[in-house]
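S.K.: Need a 3D model of the sequence below.
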Amino acid sequence: MASNEEIIELGHKVLDSEINALKQIRSRVGDSFVEVVRAILACKGTVILSGVGKPYFIAQKISASMASTGTPSIALHPVDALHGDMGRIRDGDVVIVLSNSGVSSEIVDFTRATKALEITRIAMTMANLCDLVLDLGQLEEACPMGVAPSTTSTAMLALGDALTLALVELRGFTIDSFARNHPGGSLGKRLSAVETMMRGLDATAVVTRTQTILETLGIVAEKRGGAAFVVDAQGKLLGVFTDGDVRRLLTAKSGSLSEAIEGSMTKNPKSIEPGASVEVALDMLRTHQINCLAVVDADGLLVGHLDIQDIV
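M.R.: Got it, this is the predicted structure:
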């Protein structure tokens, strides 16, 4: 049985092979890369990625990344295309074909079929198939038999990321645009605006500076929040009263629940505007080790609050 050290060495060997492959394709990023980027930027239609076997899985990933960052894109299997789905490709599109060798029959037949269309054909391969070529060079697979896609698929994936993220920079794609393309899941939450996740004034414990601590605690309990926000007559945020303030107050002295909240609140509390991203708000909550964040408008008027429980 192999020792722990021998197993680790096997892992290192594969990773070293893939690192060397990335260094090799980095040296090949030049004029052809520029031409491909410019062709995609000029595309008025859709960027279609295709491949057979493992390259098709890489094509799907690159296509998904492009679509989520402002470049309309779909993945199309060449067999599906040859059996009725060529209609997905229209004049003006860009087709990128991923292939280790460029000689598989499905890839060759698919590429030939696209020549009847007014499109730009790009190959990410070791062979010259199309109008433009992103040449990977001669890469040796990391597997002992030299056949299982490993270094080649890593190289394709990395080059696809390079294309995608270069396009992000050149298009001026913003975090707001990214958020619109990721409305679901935890990522969607973090990228959305604070106003989409905050609790409004009707669900926020709001008190005036003259109300007592006991009254404030009652309002916090009623709203089932973690803090009370103190405002002036116009609704401008003055301070916050949290669970931590309660503990500090009761530890320091007793019989003070009838005092006005003004003397025990934390002044100049942390706040955020409704249009800021939840990601920024979450960073503030964690940095300052607080559970609630006041949400105020441009005039400093309280419009609600964000509770960390609603985010994580």
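S.K.: which parts of the longest helix out of those in the chain are buried?
M.R.: Of all the elements of type helix in the chain, the one with the most residues (DSSP state H) is helix 4-26. Within helix 4-26, the residues scored as buried using 16 or more other Cβ atoms under 10 Å are 14, 17, 18, 21, 25. Where C-beta positions appear, they are placed from N, C-alpha and C, glycine not excepted.
S.K.: ok but residue 237 is inside a helix, no?
M.R.: No - looking at residue 237 with DSSP: H, G, I helix; E, B strand; the rest coil, it is strand, so not inside a helix.
S.K.: For residue 257, see how far away it is.
M.R.: Residue 237 sits at a distance of 23 Å from residue 257 (criterion: Cβ to Cβ, to the nearest Å).
S.K.: between those two, who's got more neighbours?
M.R.: Looking at residue 237 and residue 257 with other Cβ atoms under 10 Å, you find the greater number of neighbours at residue 237, namely 22 against 15.
S.K.: Quickly list what the more buried one is bridged to.
M.R.: Beta-bridge partners of residue 237, counted by DSSP bridges, are residue 231.
S.K.: That one touches residue 302, doesn't it?
M.R.: Yes - the pair residue 237 and residue 302 passes the contact test of Cβ atoms under 8 Å, sitting 4.8 Å apart.
S.K.: got any residues that touch both of the two?
M.R.: 229, 231, 294, 296 (Cβ atoms under 8 Å, 6 or more residues apart in numbering).
S.K.: Roughly how far does the last one sit from residue 269?
M.R.: This means residue 296. When residue 296 is compared with residue 269 (using Cβ to Cβ), they lie 10 Å apart.
S.K.: shared neighbours, these two?
M.R.: residue 237.
S.K.: related to what we said a few turns ago, adding distance to residue 206, secondary structure and neighbour count, write the shared contacts of residue 237 and residue 302 out as a markdown table.
M.R.: Written out in a markdown table, the entries for the shared contacts of residue 237 and residue 302 read as follows (distance: Cβ to Cβ, whole Å; DSSP: H, G, I helix; E, B strand; the rest coil; neighbours: other Cβ atoms under 10 Å):
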| residue | distance to residue 206 | secondary structure | neighbour count |
| --- | --- | --- | --- |
| 229 | 6 | strand | 29 |
| 231 | 6 | strand | 20 |
| 294 | 10 | strand | 23 |
| 296 | 12 | strand | 22 |
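S.K.: What is the nearest of those residues to residue 172?
M.R.: When the shared contacts of residue 237 and residue 302 are compared for distance to residue 172 (Cβ to Cβ), residue 296 comes out closest, at 29.6 Å.
S.K.: Find me the pLDDT at that closest one, would you?
M.R.: pLDDT for residue 296: 93.
S.K.: Is it in contact with residue 270, as I believe?
M.R.: No - with contact defined as Cβ under 8 Å, residue 296 does not reach residue 270; the gap is 10.4 Å.
S.K.: Neighbours of the residue nearest to residue 265 when sequence neighbours are not counted, how many?
M.R.: With Cβ to Cβ, 6 or more residues apart in numbering as the measure, residue 239 is the residue that lies nearest to residue 265, at 3.4 Å, once sequence neighbours are left out. The number of residues packed near residue 239 is 20, by other Cβ under 10 Å.
S.K.: Good, we can wrap up now.
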